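>>> With the sequence up front, the predicted model follows.
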Amino acid sequence: MNLIKYFSAFTLILVSFSFYSCDSNCSNGGKPDLKLTSQNFPSSAQVDQNIQLTFTVANNSTDECTADNTTDCQVNLKLVKRETQQVQVNNFDNLDALADKQTKLFTFNVVIGPNPGPGTYDLTFTIDPDNRSNDAVRENNVFTSVIIVN
């Protein structure tokens, strides 16, 4: 019975270390992960109305270690009229290198004019579309939504 208690305690200790340790005691740092942490824009607007869209991007580690800095890259905001596939907005902005837990706010002001006019616009916000940032997780770099223009 004592042998079972010993192995149970030993296993519990090993499991505890695996949960609270990280990549070689963080000697190599944590890999950076750029991700969208907030966004704000209207779900609908009128033709010729100024629409303000804001997006916050953060660098968070992929584990418990401090994230390495990212390298300079860009973000891209695209609005495409669904009915015609006409690109109405294709704006880029620079994203300077971010340290661990650092964020950057992006603000875009957009006006949808009479041509292409009213309709459903597919919005795509992409972090680092050219893959230059040293970002370890690419699956969370694209945000999509819709804005209805009346």
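Received the coordinates, thanks. Being a predicted model, the structure only gives us computed values, none of them experimental.
>>> What strand or helix carries the closest residue to residue 138 other than its chain neighbours?
In this structure, residue 138 finds its nearest non-sequential neighbour in residue 131, 7.1 Å apart by Cβ to Cβ, 6 or more residues apart in numbering. Just so you know, the C-beta spots here come from the backbone N, C-alpha and C atoms, and that holds for glycine as well. Per DSSP states H and E, residue 131 falls between elements, in no helix or strand.
>>> Spatially nearest residue to the residue most central in space within the chain, not counting backbone neighbours?
Nearest residue to the geometric centre of the chain (Cα atoms, centre = their mean): residue 35, 2.3 Å. Closest residue to residue 35 apart from its sequence neighbours, by Cβ to Cβ, 6+ apart: residue 140 at 4.7 Å.
>>> tally of neighbours for that neighbour?
13 (other Cβ atoms under 10 Å).
>>> Please read off the pLDDT at the spatially closest residue to residue 96 that is not a sequence neighbour from the model.
Nearest in space to residue 96, with sequence neighbours left out and distances taken as Cβ to Cβ, 6+ apart, is residue 72 at 5.6 Å. Confidence at residue 72, expressed as pLDDT, is 95.
>>> And residue 72, how far from residue 110?
24 Å (Cβ to Cβ, to the nearest Å).
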